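1. How does the following fold in three dimensions:
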Amino acid sequence: MNKLVYIFFLLVWSVSLCFANDQPKKNAKKKSKTSVESSASISNTQTKLSPRDIEENNLFFEAERLKVLEDNKNAIIAFEKVLSLNPNNHAAMFELARLYYIIKQDDKALSSITSAVKLMPNNLWYNLVYAQILAINDDYKAAILVYDKIISIEPREQSYYYDKAGLLESTNDIIKTIDFYNEIERIFGIDAYCIEQKKRLYIGLHKTDMAIHELEKLIESDSTNPEYYNSLASLYNSNNQKAQAENIYKLVLQKFPNNPKALLSFADIHYKRGDVQQAIDYTSLAFANIDLSIDAKINILYQYVNNYNTKKNEFQYAYQLAKVLRTTYPSEGKAYAISGDLYFVAGSDSLALFYYIKSVEFKKDVYTVWQQILLLSSEQEKNDILKKYSEEAIELFPLQPLPYYFNGIVMYQLKRYRDAVNVLQESYKLSRENNSLRTQIFACLGDNYHEMGNHRASDSCFEASLKNNPSNTYTLNNYAYYLSLRNDQLPKAKEYAQMAIKIDSLNPNYLDTYAWILFQLGDYPKAEEFQLKALRNSDLTDPILFEHFGDILFKNNKADEALKAWLKAKEKGSVSKTIEKKINDKKWYNNELP
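-> Predicted structure coming up:
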């Protein structure tokens, strides 16, 4: 890539009346004590401008004003008027060249700057812009000749030599370009940029040995810079000269024991040999070094996050590195957030939640971390955490719908149904075209309206949820269950419950709902079959599943087994109002809403 310095917009040059400087100066008359008035009179005569000069000056400054205001069209018109008054005003030509370049009229830009340079052949800024416009028009050879002129004007400015080298490379004469870089080196001495360019060009010519020689030369000129050694080792590595690369990295670690690049490279060498623990030890040393940025370290850990399926057996090493990261940056939210990500993808949700919460103690502006806190605290039914962090997230991110949604969930869990409806409605307003979220919002509103006894609103919300997503199992199940509790539209309830278990046939809650609807319809044998499936697919801790099983068994004339199921429900913590009565009387009562 050319290093040609595009200074077109960086040139800040005051051109006020520079064209007036072309006028020949009269010899100043030596003053005497007795000639003050005479001298003042001569001075006034010398500085007096003609009306044409005044008009030219005014037009020029008006053009400059328009240019500053970025009114390029009118600025061009004004500068053209200046040239109509004075065809030799090179400053106006220069400004026109810049303006024509901006509006992409390259031919006119080239014509204007060419005229300016003819009038002022030794003006550095004119020549720089001239070379710039020639290069843009792909006339690299002409631009190179202009740079020869520029270098003759400012022979000690190294950047101009590099500009010329970039133009030489654009002509695809790589050998000549390398020769010129060697010339730069002879003039200015060994320079890292110059060496890097030659290395790059030699690699392009498949002359790796010459590229290596250049880096060795750089190291010889300055043996105190570890980056030069790392660059040489990297070149050996890319050329499949593994032994040479390893020797260089060893040398780096002898001279610079904590150099993070060398440590990571050594870690990679050991990892590829299968010595994972040794690789992690070197990586840990790099992680403890603050010279390696925290973002670079996090990128390494994200390789574990993004490739969990192939790296799950190495996750103990990822946890080890994450611990080093937290120790090195004890007050950096990023260090805890990546720990949360590692535990999250590994399924350790409690630890993930812990580290996400720790992360927002130090850095509160990363919304995705808050999302994870809300999701995990909701899934783990940690209502105190969900309430606290959903409320704080609403304060920090008032235009994001999810914090309101999760706050609605926790309000429902706390039986604050009106509050839940309010925040869920706010979430709906903010969710806009997010149909997936709106499906869940409608379903949650349906739950709350059901608990408030507003069955019409509840049914309407469930219908809206299913309109968005007819296959949403949560909506299908809850809507069917609530209809069955009211003994309302049981065929519809049965249809929805069937759809839910067809999609998720192992969900004990969905199986329980379907069994209960069959119970309500009087199909007791089939109800027993599905309630037994619900129990087999559960963790056997839900008292409702046992109580329903007992109810169904009783209807199937299995009173003794029903009693055992009711006793199990009581043992699991049933809060049913009639569980004691069922057990004591060994009889089913239908006034209990499951």
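2. what about residue 345, distance to residue 371?
-> The gap separating residue 345 from residue 371 is 15 Å, by C-beta to C-beta, to the nearest Å. Yep, even glycine has a C-beta here, placed from its N, CA and C like the rest.
3. cool, and residue 477?
-> As for residue 477, its distance to residue 371 is 25 Å (criterion: C-beta to C-beta).
4. Between these two, tell me which one has more neighbours.
-> residue 477 (25 against 17; other C-beta atoms under 10 Å).
5. how about the host helix or strand of the more buried one: buried residues?
-> Here residue 477 sits within helix 473-485, counting by DSSP states H and E. Across helix 473-485, burial judged by 16 or more other C-beta atoms under 10 Å covers 473-485.
6. what do you get for stretch 493-510?
-> By neighbour count on 16+ other C-beta under 10 Å, the buried set for stretch 493-510 is 493, 494, 496, 497, 499, 500, 501, 507, 508, 509, 510.
7. Also stretch 530-545?
-> Within stretch 530-545, the residues scored as buried using 16+ other C-beta under 10 Å are 530, 531, 532, 533, 534, 535, 537, 538, 542, 543, 544, 545.
8. so what's the first one up against?
-> The one in question is residue 530. Neighbour list for residue 530: 501, 511, 514, 515, 518 [criterion: C-beta atoms under 8 Å, 6 or more residues apart in numbering].
9. Make CSV out of these and add distance to residue 232.
-> Shown next, in CSV, are these (distance: C-beta to C-beta, whole Å):
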residue, distance to residue 232
501, 65
511, 67
514, 70
515, 73
518, 77
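10. Check those and tell me the two furthest apart.
-> 501 and 518 (11.5 Å; C-beta to C-beta).
11. Could I get the phi/psi values of residue 157?
-> Main-chain dihedrals, residue 157, degrees, to the nearest 10: phi -90, psi 100.
12. what do you get for residue 240?
-> phi 60, psi 30.
13. what's the burial count for it?
-> A count of nearby residues for residue 240, using other C-beta under 10 Å, gives 8.
14. quick one, what contacts the residue nearest to residue 565 when sequence neighbours are not counted?
-> Once flanking residues are discounted, residue 565 sits nearest to residue 550: 3.3 Å by C-beta to C-beta, 6 or more residues apart in numbering. Taking C-beta under 8 Å, 6+ apart, we find residue 550 in contact with 561, 562, 563, 564, 565, 566, 568, 569, 582, 588.
15. what about residue 291, neighbour count?
-> Neighbour count for residue 291, taken as other C-beta under 10 Å: 10.
16. List the residues that contact it.
-> Under the criterion of C-beta under 8 Å, 6+ apart, the neighbours of residue 291 are 258, 259, 260.
17. can those go into TSV with extra columns for secondary structure and distance to residue 448?
-> Listed next are the contacts of residue 291 as TSV, based on DSSP: H, G, I helix; E, B strand; the rest coil; distance: C-beta to C-beta, whole Å:
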residue	secondary structure	distance to residue 448
258	coil	59
259	coil	60
260	helix	54
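18. Okay, now the unreliable bits of the chain?
-> For the chain, applying pLDDT under 70 flags the ranges 1-47, 591-594.
19. Would you map the strands across it?
-> Shown for the chain, no strands are assigned by DSSP state E.
20. Go ahead and confirm residue 513 touches residue 483.
-> No. Counting by C-beta atoms under 8 Å, residue 513 sits too far from residue 483 to count as a contact (10.0 Å).
21. The residue nearest to residue 137 when sequence neighbours are not counted and residue 79, how far apart?
-> Spatial nearest neighbour of residue 137, excluding adjacent residues (C-beta to C-beta, 6+ apart): residue 106 at 5.7 Å. According to C-beta to C-beta, residue 106 and residue 79 sit 17 Å apart.
22. hang on, the earlier thing: dump the buried residues of stretch 493-510 to CSV, plus distance to residue 428.
-> Converted to CSV, the buried residues of stretch 493-510 look like this (distance: C-beta to C-beta, whole Å):
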residue, distance to residue 428
493, 26
494, 30
496, 23
497, 26
499, 24
500, 24
501, 29
507, 26
508, 30
509, 25
510, 26
